[in-house]
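[1] Sharing a sequence plus its predicted fold:
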Amino acid sequence: MRRTTGRLLRGLALLSTLALGATACGGSDDDSGQKAVSAGDIQTALKKGGTVNVWAWEPTLKSVAADFEKKYPKVKINLVSERSGDKHYTALSNAISAEKGVPDVAQVEYFALGQYALTKGLTDLAPFGADKLASKYSPGPWNAVSEDKAVYGLPMDAGPMALFYNKKIFDKYKVAVPTTWDEYVEAARKLHKADPKVFIAADAGDAGLTTSLLWQAGARPYKVDGTNVEINFADPAAKKYTDTWQKLIDGKLLAPINGWTDDWYKGLGDGTLATLPSGAWMPANFVTGVPQAKGDWRAAPMPAWTKGDKASTENGGSSLTLPALGKNKELAYAFVKYANAEDGVQTRVKQGAFPATTADLQSTEFQNTKFDYFGGQQANKIFAESAANVADDWSYLPFQQYANSIFNDTVGKAYISGTKLTAGLKAWQDASIKYGKEQGFTVK
Amino acid sequence: MTTLQPPVAAEPRPAPPPARRDRRSWTGWGFIGPFVAVFALVFLAPIAYSIYLSLYRNQLIGGNSFVGLDNYKLALQDDQFWASLGRVSLFLCVQVPIMLGIALLVALALDSGRLYGKSFFRITIFLPYAVPAVVATLMWGFMYGTEYGLVGDINQAFGVTLPDPLSPDLVLASIGNIVTWEFVGYNMLIFYSALRVIPHSLYEAAEIDGAGQFRVITAIKLPAIRGALVIATIFSIIGSFQLFNEPNILRKLARNAITTDYTPNFYTYSLSFNGQQHNYSATVAIIMGLITMVIAYAVQLRGMRKGA
Amino acid sequence: MSTPVTTASPAAPAGTGGPGKSAPRLRGPRRYSVNRPKRSVLLTVMISLLVIYTVVPLIWLAINATKTQSGLADSSGLWFAHDFALWDNIRDTFTYDDGVFTRWLLNTLLYVVLGAGGATLLAVLGGYALAKFDFPGKRGIFAMVIGAVAVPGTALAVPTFLMFSKMGLTDTPWAVIIPSLVSPFGLYLMWVFATEAIPTELLEAARIDGAGEARTFFTVSLPLLAPGIVTVLLFTTVATWNNYFLPLIMLKDSDWYPLTLGLSVWNSQAETIGGQVIYNLVITGSLLTIVPLIAAFLLLQKYWQSGLAAGSVKE
């Protein structure tokens, strides 16, 4: 036995040395001197052809890729349509650490861009001429992809928020559709009183919704300047949100149903949930996920935090980026530009995507589109107005992905126990600060 | 650590003749070599790599640096880690005895020959083992639903309010239920197979001694399958300490009750996949592996010594 | 040996009873005649309760596989909806997204054949070695296996991924197959089984006849191990068929997904902006995923019955 152990240990030591050697050669950044890439260079590359590997889950990209291949027959778009959410970033981060199998184009949500940009995981697109596209996009999405002079991706879609509401329920109980958050709480009480099975909305704690509402209320909990980060959930604007939401929680006015689950879709369909504050991309999910409630729902502008205030906010939305370790940069950029700034946008809008480009948002055809699902309502008018009213000075943490992952560990307590929302947010703040410090940020 | 023998050795039967002791040679490696080679590649090498990783710290800002045993010091004082370990220990002490107890009772019942439709029972109780954890949790998630699930239906039908199985107080028990459902048949089959190889002559001898059913169980059957009991216990301990799939999938329905550090394995997963803290994650995993190993060996030693 | 009844002769194999021993008696009424096992209604009822517990979730799955997406939403889970859409669902499951489900099914089969088959082979060879040979390092092997299994696999996923990536194995079927080749429990089962099923004297006799080790293994030992092999094959098949976490980490290209991963991707479409919600196909797909395994159990049941029971033939 002893002999074996000795041999085993020696074997392990050998393996560790191998591992050490393997990692020691990794990690050499090569971002020195990015040259400008001219339109001519890109055209030459397109004529020469090649393959572009794309990791994205956006369903409309499929036909965009087909169109692109038709236009440039020598280019092959290898679209790996795949999982969204955590698993996507896990795979991307793993590939980047392994320095192997990194895609040429990757879909990255706005909240997660900061982390990849900061760790030099993404290619700066400004040398390709992306910085000149700023005027094409709504301010919110553009702010999310650009930092100083660098541009880390082109906005693919946007999620200006609106309040979706079940008109049938509001009509049945003769409750007015709320235009402020105070009215929203009132409506919640009235509806729940009229029918205890009806809830104003489902919310079991969702990082995306909370940050979006804070954004709308004017709170700026995250201040990011390079590696200097400040996190503070205690400003007066945040209090507007916590006070209101605490009332909803205390009154048990929010259905304890987790978003995006089977039950949630059921609740949207059978009148249990009266409203849904969500991004403008929601209609597509309504159509396939809640077919039985066709005609019941409508869109309205988000309730305001103070009467008459038009400030809106974003929820979700993503960009296409070029990971630094990807290949065929010219072709990759050409595809991203095609999909997000040229003909591809139209193709995607026709299939129900919500664009981030102002020209498309303002076009009469887009604004006059009637949504059968919403009883013929021209909902895009509401969404486009919301997009125009998004404050563009919001920033996420450079480690928002991690912060969001522990949201329910901390703030979630407020939904299931006597913990107050403010205390939950404080716990979230503390945990985020701790992580930031561990990762070498200067955090206040 | 020297008694890792096939547990059947505990059977009331002399050990195989020691005729081959003198033929100690490398021939056996020809047979076990392939297993060991693949094992080294998929288990030992990653573990070695993890040990190496556990000595470093990699920051988003600042990069990689050697930190010696700092990660271990950190882990030993990490409340989140100890809380998660406490949770799976509780799970281990409650769920494993229940599951193995039921499995043993069913196996004894099947083996007793006193059941109608024996083979039907055997196959049906084993069926859940064939269901992937993803699907099992999906199904049970439905059962647990207080709005649209079975619990909700019962509440409505009988006008009662059952406690929410996904509330923080009950969710561990609900996970235990899923695991029990998945593995009771599997363990039953292990026990049952072990019972079936008991020589009949033993029962006949017992009859001559005038032993009843109960006495046959305690004096013959249980000692004879001690090896199977020990190995099932060890694998269940490992399974409990590594609890991950069920809470991970169920979390979609109970985000607030199931935290990202709910079990040690979940914690290492979150550290690694949400936080990119691969080094610290590796440290926690190694500590967890050591703890599991010690307990598994303790059970093994205790279980075997009694039998021999 | 605490039992006062140890009368079995050391030479008598406790395992499969040796070749040629007649098996037909094993299910005969004579078994247990000593204890006069009267069938017990009470016991049967008690075990039946357990069976209900076992099958209710499966029934839920079967019932809900008959519903459309809107039927799922507006009917109770434990009863049928107004429309019976099982056949439509099955057809849609196989045709959705250019029939990718079929591809996943074939991938799963590939992983099972190579992964579970290989794991069984390695376990049989290894278990045989542990049972019947004395070789340097033997005592350490199982200790090492248990020790390694005790380390949480989720934390090893990233190191394994990085290693496999360096070797160029990620995003290929090998990344799923190679780790599946190790079945510690299979090794253990074969060790126990081989110890019992193969009389050492038989091996000695074969060697005296001048047969090499490989020949002895294939002609003498393998047939005796057959019932154990079926059992191990069954366990490794289930493990490979239901493998989820490993493919999740290793595979990017959905063309190589096994069924479990594919289903979870379908399930998460509902969580995707603009994604199509297809719970009905997730449920039908889940049902279709477990049906082949259950069928295999039922079909192989006869085999086990003789396999498991063969061990009990004793005089």
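    Looks like it arrived, so ask away. Numbers count the residues shown, from 1 in each chain, chains lettered A, B, ... in the order given.
[2] Which residue ranges make up each domain of the chain?
    You didn't pick a chain, so chain A it is. Chain A breaks down into these domains under automatic domain parsing: A:39-158+A:317-357, A:161-313+A:371-443.
[3] I was thinking of chain B, sorry if that wasn't clear
    Taken from automatic domain parsing, chain B resolves into B:27-66, B:78-307.
[4] Mean pLDDT lowest where, among the domains of chain A?
    Of all the domains of chain A, the minimum mean pLDDT falls on domain A:39-158+A:317-357 (a mean of 90).
[5] That one near chain C anywhere?
    Yes: shown here: domain A:39-158+A:317-357 in contact with chain C (C-beta under 8 Å from any C-beta of the partner chain) through A:55, A:57-60, A:80-85, A:87, A:90-91, A:94-95, A:97-98, A:100-101, A:157, A:318, A:352-353. Where C-beta positions appear, they are placed from N, C-alpha and C, glycine not excepted.
[6] which of the residues you listed are buried?
    A:55, A:57-60, A:80-84, A:87, A:90-91, A:94-95, A:97-98, A:100-101, A:157, A:318, A:352-353 (16 or more other C-beta atoms under 10 Å in any protein chain shown).
[7] and stretch C:153-163, how far out from the chain's middle?
    24 Å (C-alpha atoms, centre = their mean, to the nearest Å).
[8] Would you mind listing what in the stretch 1-150 of chain B touches chain A?
    Contacts of the stretch 1-150 of chain B with chain A, taken as C-beta under 8 Å from any C-beta, map to B:1-2, B:40, B:44-45, B:47-49, B:51-52, B:59-64, B:142, B:145, B:147-149.
[9] Chain C now?
    C:69-70, C:72-74, C:136-137, C:139-140, C:144, C:158, C:161-163, C:165-166, C:168, C:170-171, C:248-249, C:252-254, C:265, C:268, C:270-279.
[10] Could you identify the buried members of those?
    For the residues of chain C next to chain A, buried by 16+ other C-beta under 10 Å: C:69-70, C:72-73, C:137, C:139-140, C:144, C:158, C:161-163, C:165-166, C:170-171, C:248-249, C:252, C:254, C:265, C:268, C:270-279.
[11] just the helices in the stretch 151-300 of chain B please.
    B:171-196, B:200-208, B:213-216, B:222-224, B:226-241, B:245-250, B:264-273, B:278-307 (DSSP state H, counting those that start in this stretch).
[12] Residue of the stretch 251-400 of chain A closest to chain C, please.
    Of all residues in the stretch 251-400 of chain A, A:Gly289 sits closest to chain C, at 3.5 Å by C-beta to the nearest C-beta.
[13] And for that residue, the neighbour number?
    Using other C-beta atoms under 10 Å in any protein chain shown, A:Gly289 has 25 neighbouring residues.
[14] Quick check, central residue of chain A?
    For chain A, A:Gly316 is the residue whose C-alpha lies nearest the centre (C-alpha atoms, centre = their mean; 2.9 Å).
[15] Out of the domains of chain A, which is closest to B:Ala282?
    Closest approach to B:Ala282 among these (C-beta to C-beta): domain A:39-158+A:317-357, 13.4 Å.
[16] any idea how far that closest one is from the chain center?
    For domain A:39-158+A:317-357, the distance to the chain centre is 15 Å (C-alpha atoms, centre = their mean).
[17] That one and chain B, any residue contact?
    Yes: shown here: domain A:39-158+A:317-357 in contact with chain B (C-beta under 8 Å from any C-beta) through A:86, A:90, A:93, A:97, A:115, A:118-119.
[18] quick revisit: out of the buried ones among the residues of chain C next to chain A, name the ones that lie in helices.
    C:69-70, C:72-73, C:139-140, C:144, C:158, C:161-163, C:165-166, C:248-249, C:265, C:268, C:279 (DSSP state H).
[19] So the closest residue to B:Ile217 other than its chain neighbours: helix, strand or coil?
    In space, and not counting its chain neighbours, B:Ile217 is closest to B:Leu108: 6.3 Å by C-beta to C-beta, 6 or more residues apart in numbering or on different chains. Here B:Leu108 is helix, with the state taken from DSSP: H, G, I helix; E, B strand; the rest coil.
[20] count of neighbours near B:Leu108?
    20.
[21] give me the residue from the stretch 1-150 of chain B nearest chain C.
    Counting by C-beta to the nearest C-beta, the stretch 1-150 of chain B gets nearest chain C through B:Gly28, at 3.1 Å.
[22] which ones are touching the residue in the stretch 201-315 of chain C positioned nearest to chain A?
    Closest residue of the stretch 201-315 of chain C to chain A, C-beta to the nearest C-beta: C:Val277 (3.5 Å). Counting by C-beta atoms under 8 Å, 6 or more residues apart in numbering or on different chains, C:Val277 makes contact with A:265, A:285, A:288-289, C:69, C:269-270.
[23] pLDDT score for it?
    On pLDDT, C:Val277 comes in at 81.
[24] B:Met1 now?
    What the model reports for B:Met1 is a pLDDT of 34.
[25] Include mean pLDDT when you put the domains of chain B into TSV, please.
    Below are those laid out as TSV (pLDDT from 0 to 100):
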stretch	mean pLDDT
domain B:27-66	91
domain B:78-307	88
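[26] Thank you, goodbye.
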